[in-house]
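Visitor: Here you go, sequence then predicted model.
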Amino acid sequence: MSRKTHFEGGLVVTPAGAEQLDILIDGEQIVRVGHGLQDDALDAQRVDARGLAILPGLIDVHVHLREPGGEHKETIATGAWAAAVGGFTSICAMPNTDPPIDDPAGVGYVVAQGRRAGAARVYPVGAVSVGQKGERLTLIGEMIDAGAVAITDDGLPVADSGLMRLALEYSSTFGIPVADHCEDPTLSRGGSMNEGIVSTRLGITGIPSAAENVMIARDLFLAELTGGRLHIQHVSTRNGVEMIRAAKGRGVAVTAEATPHHFTLTDEAVIGYRTEAKVNPPLRTADDVAAVREGIRDGTLDCIATDHAPHHYDEKEQAFEDAPFGLVGLETALALGLTELVDGGVLGLPDLIDRMSTAPARAFGLPAGTLREGAPADVTVFDVGEEWTVDPDRLVSKSRNTPFAGRGVRGRTRLTIVGGHVVWSADQGVEHARQQARRRG
Ligand SMILES: [Zn+2]
């Protein structure tokens, strides 16, 4: 028996533009997109989408789910549900768990737990090196067979240039990207925030932009040398953006991402020793933020990714230097994109959806990021007009470490549909999502 849903009169937003159209979903697929589909939709459940935006489901290529080993911060289930509440239909789980995801069994575990969660699709990213020790390459082909869509040692850089070269060479035979957290550990050692006027004033040891820049430069040269596909994670510096732009100009196979916090906040967010603004790479200067925004606008930075990094309250309550790096981002990303970038005049809504859905799908080779007929029905229905205030206590994530508490934003997810199933509806409330995550964790 067919299971059809007819979305009527919504504003369909894709990278190609925004137009009021109907969408018909049958089973797991989008079957029709067009004007006045009533005749094809007689046996369908009708959803009045007037006044709402219909988007290809959002994709986050950089998420930390903490399972196995850090379940007090997040589980695959709580992360996948937080993602669905934020409008994400696919997320890529970083391998820096305990133990790290560095073999086919670990990859298979993430796949299985992701399915069990029944929310956003969870795609594992395997480690570059065994144990993330930076010494020996993992069995990349076997991890791909088990479901890995990319490799990275994120949390850490691939500090050994020879190993990074090998990773790019091997992965290119499989057509997957090597994602790198660009940081020269000998330059960042001991640092807790951006090195500059603010760090001097606060008396906190800084991490210079150069720590990120030298690694981005190295990786771009290695991508050029090997022909491998490089993905640069969480770009935060002006020089980084400019080097990536130049490399793309000469044909290097590189994609890159920026986070909502790096396009919204500067290192001044740390003033008051606010550990919720302690993140790696650190929040930088207003000039860096401007460069990141320009990079997102012109597509130098292909993707917006959250680097969702949950931490327990007690861990973030420590002295600034001792607190862990990272903040949660899945449930605020789309609203921050709309408020900061679209309302801020950086780009239009269709380009924002490109950076949050279509471009990430392309970068990581995921079968999503489109509302084309025949595509999997991964769809986000979004109320562009709803204004709300970020409240950490209303997050579905197990952790509350956001620097955006109390911030007024615009735009909220109403429905998240994965493979034709409504997995999240705002009418159900966050408590429902929490219960589901707990039950399926
Ligand atoms: Zn990282």
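Guide: Alright, I've got the coordinates. A quick note: this is a predicted structure, and the numbers were derived from the prediction, not measured. Residues are numbered from 1 along each chain as shown.

Visitor: From here on, just use CA atoms for contacts and neighbour counts.
Guide: Will do.

Visitor: In this structure, spot the helix with the most residues.
Guide: As assigned by DSSP state H, the longest helix anywhere in the chain is helix 209-226.

Visitor: Show me what counts as buried in it.
Guide: For helix 209-226, a neighbour-count test (16 or more other Cα atoms under 10 Å) marks 209-217, 219-220, 222-224, 226 as buried.

Visitor: same deal with stretch 181-199?
Guide: 181-185, 187-188, 191-196, 198-199.

Visitor: Let me know the closest of these to the ion.
Guide: Lowest distance from the ion to the buried residues of stretch 181-199 (Cα to the ion) belongs to H181, with 4.6 Å.

Visitor: Enumerate every residue touching the closest residue to that closest one other than its chain neighbours.
Guide: Computed as Cα to Cα, 6 or more residues apart in numbering, the closest residue to H181 that is not its neighbour in sequence is P157, at 4.8 Å. By Cα atoms under 8 Å, 6 or more residues apart in numbering, the residues touching P157 are 180-185.

Visitor: swap the cut-off to 10 Å and go again
Guide: Listed by Cα atoms under 10 Å, 6 or more residues apart in numbering, the contact partners of P157 are 128, 132, 134, 164, 179-185, 212, 215.

Visitor: what does the chain put close to the ion?
Guide: Counting by Cα under 5 Å from the ion, the residues of the chain close to the ion are 154-155, 181.

Visitor: With secondary structure and pLDDT as extra columns, can I get the residues you listed in CSV?
Guide: Listed next are the residues of the chain next to the ion as CSV, based on DSSP: H, G, I helix; E, B strand; the rest coil; pLDDT from 0 to 100:
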residue, secondary structure, pLDDT
D154, coil, 97
G155, coil, 95
H181, coil, 98
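
Visitor: And the helix or strand hosting E315, what's buried?
Guide: Using DSSP states H and E, the element containing E315 is helix 313-316. Residues K316 are the ones in helix 313-316 that count as buried (16+ other Cα under 10 Å).

Visitor: Tell me which residues are up against that helix.
Guide: Contacts of helix 313-316 (Cα under 10 Å, 6+ apart): 73, 274-278, 310, 322-327, 398-401.

Visitor: In helices, which of those fall?
Guide: Short answer: those have none in helices (DSSP H).

Visitor: Restricted to buried residues, select the residues you listed in ChimeraX.
Guide: Of the contacts of helix 313-316, the buried ones go into a single ChimeraX selection, burial set by 16+ other Cα under 10 Å:
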select :73,274,275,276,277,278,310,323,324,325,326,327,398,399,400,401
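
Visitor: quick one: the strands in the stretch 151-300 of the chain?
Guide: 151-152, 178-180, 193-194, 206-207, 230-232, 254-258 (DSSP state E, counting those that start in this stretch).

Visitor: before we move on, back to that, so what's the model's average confidence on the longest helix of the chain?
Guide: In this model, helix 209-226 carries a mean pLDDT of 98.

Visitor: now stretch 376-392
Guide: Mean predicted lDDT for stretch 376-392 stands at 97.

Visitor: Just want the phi and psi numbers for the closest residue to the ion within the stretch 1-150 of the chain.
Guide: Here the stretch 1-150 of the chain gets closest to the ion at one residue, H62, 8.4 Å apart by Cα to the ion. Dihedral pair for H62: phi -150, psi 90, per degrees, to the nearest 10.

Visitor: go on, the one 4 residues further on?
Guide: Dihedral pair for R66: phi 70, psi 0, per degrees, to the nearest 10.

Visitor: Any chance of JSON lines for the contacts of P157, columns distance to E28?
Guide: As requested, the contacts of P157 are exported to JSON lines (distance: Cα to Cα, whole Å):
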{"residue": "V128", "distance to E28": "34"}
{"residue": "Q132", "distance to E28": "37"}
{"residue": "G134", "distance to E28": "41"}
{"residue": "M164", "distance to E28": "39"}
{"residue": "A179", "distance to E28": "30"}
{"residue": "D180", "distance to E28": "34"}
{"residue": "H181", "distance to E28": "35"}
{"residue": "C182", "distance to E28": "38"}
{"residue": "E183", "distance to E28": "41"}
{"residue": "D184", "distance to E28": "45"}
{"residue": "P185", "distance to E28": "46"}
{"residue": "E212", "distance to E28": "42"}
{"residue": "M215", "distance to E28": "42"}
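
Visitor: What is the burial count for the residue of the stretch 1-150 of the chain closest to the ion?
Guide: H62 has 24 neighbouring residues, counting by other Cα atoms under 10 Å.

Visitor: I figured it hits D154, correct?
Guide: Yes - taking Cα atoms under 10 Å as the definition, H62 is a contact partner of D154 at 9.2 Å.

Visitor: For the two, list the residues in contact with both.
Guide: 94, 125, 179, 233, 307.

Visitor: Now neighbour count too, for those, in CSV please.
Guide: Formatted as CSV, those follow (neighbours: other Cα atoms under 10 Å):
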residue, neighbour count
M94, 28
V125, 31
A179, 29
Q233, 27
D307, 29
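
Visitor: related to what we said a few turns ago, how far away from the center of its chain is the longest helix of the chain?
Guide: With Cα atoms, centre = their mean, to the nearest Å as the basis, helix 209-226 stands 22 Å off its chain's centre.

Visitor: now the angle from that helix to strand 254-258?
Guide: Helix 209-226 runs at 150 degrees relative to strand 254-258, counting by axes from the mean of the first three to the mean of the last three Cα atoms, to 10 degrees.

Visitor: Find me the pLDDT at the residue nearest to M215 when sequence neighbours are not counted, would you?
Guide: Nearest residue to M215 in three dimensions, chain neighbours excluded: C182, at 5.1 Å (Cα to Cα, 6+ apart). What the model reports for C182 is a pLDDT of 98.

Visitor: Surely C182 and A211 touch.
Guide: Yes - if you go by Cα under 10 Å, C182 and A211 touch, sitting 7.8 Å apart.

Visitor: so what sits against both of these two?
Guide: P281.

Visitor: quick one, what contacts the residue in the stretch 251-400 of the chain that the ion sits nearest to?
Guide: At 6.4 Å from the ion, N280 is the closest residue in the stretch 251-400 of the chain, using Cα to the ion. When contacts are counted by Cα under 10 Å, 6+ apart, N280 is found next to 155-156, 181, 183, 188, 191-194, 207, 234, 236, 307, 324-327.

Visitor: which sections of the stretch 101-250 of the chain are below the confidence cut-off?
Guide: Scanning the stretch 101-250 of the chain for pLDDT under 70 picks out nothing.
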